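**Q** I'll drop the sequence and a predicted model, then ask my questions.
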Amino acid sequence: MSLFRELAVALVEQGSGQGRPPAVMIDPIRPLAPRRPHFKARAKNVIVLYQVGGPGQMDTFDYKPELQKLHKKPVPKSFKDALKGSRHANVFEGCKDELMASPYKFTQQGKSGLWVSELFPELAKHVDDLCFVHSLQSESNNHAPSSYLFHTGDLNAGKASLGSWITYGLGTENQSLPGYVVLFDAGPLGGAANYQNGFLPPAFQPTKLRDQGQLVLDLTPPKEFAASQQDTFDFLRQMNLKHRQGKKEGVELDARIASYELAYRMQSAALEVGEVEKEPAHLRRAYGFEHKDPRTVAYARKLLLARRLVERGVRFVEVYDMPDKDGWDAHGELEKNHTPRARWIDQPTAALLTDLKQRGLWDETLIVWASEFGRTPMMQGDSGRQHNAAGFTIWLGGGAVKPQRYGATDEIGLMARENPVTFKDLHATILAALGLDNEKLYFERAGRPERLTGVAGTANIVKELLV
């Protein structure tokens, strides 16, 4: 089925079953046109900062003084018993029966006194504006399935991603730029299945932009053709409209014409948004453009691009923090892994938060800093940590969320003990922040409604996180 026919089919209300709420109505000519949310939105765009590989929660934002005391001692029986019979019982596999204290010093920061690792001296300055969720749980201890779960709500590849669902539900504000953009170097683990549109119409697939040079290659025509390009498009439009006269399948032709015109508009818009060098020198310096570490510079460019994109009305931007094949996956020598990675992201991330606040974008932007899972308090190999889906930390920022510390793991950081949150709950909460009802946002597929949050009634909005 062609792109245009899929969009035309989507014009028909998909929820015809008894008691089923109306589905999203899509204009095939302007599939990304802004659409009203189900209820008043707290935010209108999203930036996801995805930390590929799983940073250790007890080494970053979840301070565990008891773990420090129990360094090199066996895991107490009470903690082992708490996981018996649960889906997280395999968390001990591949680990030594030996607890490992964090090698990093923690200090209380801000008026709230939240504990933050020395890994993040710049980000620590923003803790009073952030919502730390210390009780995330995943259903898998393996990278790709858990990453799929974070991005699509399913352990298996082939489903639609969070960014696709949000642009499907809301469209986007800028009709000259993509509604959904991804920025990364090597990642993510599991490949394109993390960010694809799945069964949703092709209009809601992401656009991968380059962070070096032109965002999209080959946008500029040769000089000898540049002056006449607009005349050429005008002529093609006239011919297409003439061809359309008397045709029954006018919607598909209109959609094709609209796609050509969008491509032309994107030429100039994409060139402009990629001109980060036009930003003030002091701002680029604040992001880390002059840092001695080239990987810090590379991440700084991505985050400045993310700000420029949402500032121009792009609905959803995801930045994958994976400059190499390992990410935060510290199975051995944790300090050699976590220390440089924190250095690469700390200054740029803090600068992004400051920039959003100063430009008046903080209140309308939801920032999500997350990974597929965390790491174990038990040692693995030579001073490393194993994957841990039983309890880990993410944080949220922006005007849509309440600054706070929500949920908790046990005393050694092994398992979520207080207010556990699933990825489905997180998705429902993100959608709610954007004014979308996770139960009403669906797409009819093979006679059944598909949702980001799965079967109706299986996800809960964590209302305590939202203003």
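**A** It's in.
**Q** any idea whether the spatially most central residue of the chain is helix, strand or coil?
**A** Centroid-nearest residue in the chain, with C-alpha atoms, centre = their mean: residue 48, separated by 3.0 Å. With DSSP: H, G, I helix; E, B strand; the rest coil as the basis, the three-state label of residue 48 is strand.
**Q** going forward, count from 43.
**A** In the new count, where the first residue is 43, that last one comes out as residue 90.
**Q** which ones are touching the residue nearest to it when sequence neighbours are not counted?
**A** Counting by C-beta to C-beta, 6 or more residues apart in numbering, residue 90 lies nearest to residue 360, which is 4.2 Å off, once chain neighbours are set aside. Heads up, the C-betas are built off the backbone N, CA and C, glycines and all. Neighbour list for residue 360: 89-90, 92, 205, 223-225, 237, 248 [criterion: C-beta atoms under 8 Å, 6 or more residues apart in numbering].
**Q** who does residue 360 bridge with?
**A** Taking DSSP bridges as the rule, residue 360 bridges to residue 90, residue 224.
**Q** quick check, pLDDT for it.
**A** With respect to pLDDT, residue 360 scores 98.
**Q** also residue 483?
**A** On the pLDDT scale, residue 483 gets 97.
**Q** check residue 65 too.
**A** pLDDT, residue 65: 72.
**Q** run a quick neighbour tally on it.
**A** Using other C-beta atoms under 10 Å, residue 65 has 19 neighbouring residues.
**Q** quick check: it vs residue 486, distance?
**A** 6 Å (C-beta to C-beta, to the nearest Å).
**Q** still on that earlier bit, which of the contacts of residue 360 lies closest to residue 123?
**A** Closest approach to residue 123 among the contacts of residue 360 (C-beta to C-beta): residue 92, at 33.6 Å.
**Q** where does residue 254 sit: helix, strand or coil?
**A** Applying three-state DSSP: residue 254 is coil.
**Q** any stretches of the stretch 43-192 of the chain with poor pLDDT?
**A** 43-64 (pLDDT under 70).
**Q** tell me where it has strands.
**A** Under the criterion DSSP state E, counting those that start in this stretch, strands of the stretch 43-192 of the chain are mapped to 87-93, 148-151, 156-159, 172-179.
**Q** got TSV for those, with distance to residue 416 too?
**A** Output for the strands of the stretch 43-192 of the chain, formatted as TSV (distance: least, C-beta to C-beta, whole Å):
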stretch	distance to residue 416
strand 87-93	10
strand 148-151	16
strand 156-159	13
strand 172-179	8
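**Q** so which of these comes closest to residue 328?
**A** Once the strands of the stretch 43-192 of the chain are compared by C-beta to C-beta, strand 87-93 is nearest, at 17.0 Å.
**Q** that older thread, quick one, which of the strands of the stretch 43-192 of the chain is nearest to residue 125?
**A** Comparing those by C-beta to C-beta, strand 172-179 comes nearest, at 11.6 Å.
**Q** hmm, back to that, the residue nearest to residue 90 and residue 208, how far apart?
**A** 11 Å.
**Q** residue 426 too?
**A** 36 Å.
**Q** with residue 490 instead?
**A** 21 Å.
**Q** got it, and residue 134?
**A** 37 Å.
**Q** the two: which is more packed in?
**A** Each of residue 134 and residue 208 had its neighbours counted (other C-beta under 10 Å), and the higher figure belongs to residue 208 (25 against 17).
**Q** surely the more buried one and residue 86 touch.
**A** No. With contact defined as C-beta atoms under 8 Å, residue 208 does not count as touching residue 86 (10.3 Å).
**Q** list the residues that contact both of these two?
**A** Common neighbours of residue 208 and residue 86 (C-beta under 8 Å, 6+ apart) are 357, 476.
**Q** quick one: residues contacting residue 474.
**A** Residue 474 neighbours (C-beta under 8 Å, 6+ apart): 84, 480, 503, 505, 508.
**Q** again, 7 Å this time
**A** Residue 474 is in contact with 503, 508, counting by C-beta atoms under 7 Å, 6 or more residues apart in numbering.
**Q** quick one: it and residue 354, what's the gap?
**A** 25 Å.
**Q** burial check on residue 209, number of neighbours?
**A** 26.
**Q** and it, that one's in a helix?
**A** Yes. Counting by three-state DSSP, residue 209 is found in a helix.
**Q** wait, it touches residue 357, no?
**A** Yes. The pair residue 209 and residue 357 qualifies as a contact (C-beta atoms under 7 Å) at a distance of 5.3 Å.
**Q** between the two, which contacts overlap?
**A** By C-beta under 7 Å, 6+ apart, the residues touching both residue 209 and residue 357 are 221-222.
**Q** mind listing the helices for the protein?
**A** Ranges of helices in the chain, per DSSP state H, are 45-51, 107-111, 119-125, 185-194, 204-212, 265-268, 271-286, 292-315, 323-329, 336-353, 376-400, 465-475.
**Q** wait, which of those is closest to residue 408?
**A** helix 465-475 (5.3 Å).
**Q** mean pLDDT for the helices of the chain: which is lowest?
**A** helix 45-51 (a mean of 48).
**Q** how near is the closest residue in space to residue 371 that isn't next to it in sequence to residue 327?
**A** Residue nearest to residue 371 in three dimensions, not counting chain neighbours: residue 95, with 3.7 Å by C-beta to C-beta, 6+ apart. Separation of residue 95 from residue 327 (C-beta to C-beta) stands at 29 Å.
**Q** who's more crowded, these two?
**A** Shown here are residue 95 and residue 327; by other C-beta under 10 Å, residue 95 has more neighbours (27 against 14).
**Q** before we move on, the earlier item: dump the helices of the chain to TSV, plus distance to residue 218.
**A** Below are those laid out as TSV (distance: least, C-beta to C-beta, whole Å):
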stretch	distance to residue 218
helix 45-51	19
helix 107-111	51
helix 119-125	51
helix 185-194	26
helix 204-212	15
helix 265-268	18
helix 271-286	14
helix 292-315	4
helix 323-329	24
helix 336-353	12
helix 376-400	22
helix 465-475	26
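**Q** deepest in the core, which of those helices is it.
**A** helix 204-212 (a mean of 27; mean count of other C-beta atoms under 10 Å).
**Q** how far off strand 87-93 does that helix point, in degrees?
**A** 170 degrees (axes from the mean of the first three to the mean of the last three C-alpha atoms, to 10 degrees).
**Q** export helix 204-212 as PDB, just CAs?
**A** These are the backbone C-alpha positions of helix 204-212, laid out as PDB (Å, rounded to 0.1, in the frame of the first residue of the first chain):
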ATOM      1  CA  LEU A 204       7.000   6.700  21.400                       C
ATOM      2  CA  GLY A 205       7.900   9.500  19.000                       C
ATOM      3  CA  SER A 206       5.800   8.100  16.200                       C
ATOM      4  CA  TRP A 207       2.800   7.700  18.600                       C
ATOM      5  CA  ILE A 208       3.100  11.300  19.700                       C
ATOM      6  CA  THR A 209       3.400  12.800  16.200                       C
ATOM      7  CA  TYR A 210       0.500  10.500  15.200                       C
ATOM      8  CA  GLY A 211      -1.600  11.900  18.000                       C
ATOM      9  CA  LEU A 212      -0.600  15.600  17.900                       C
END
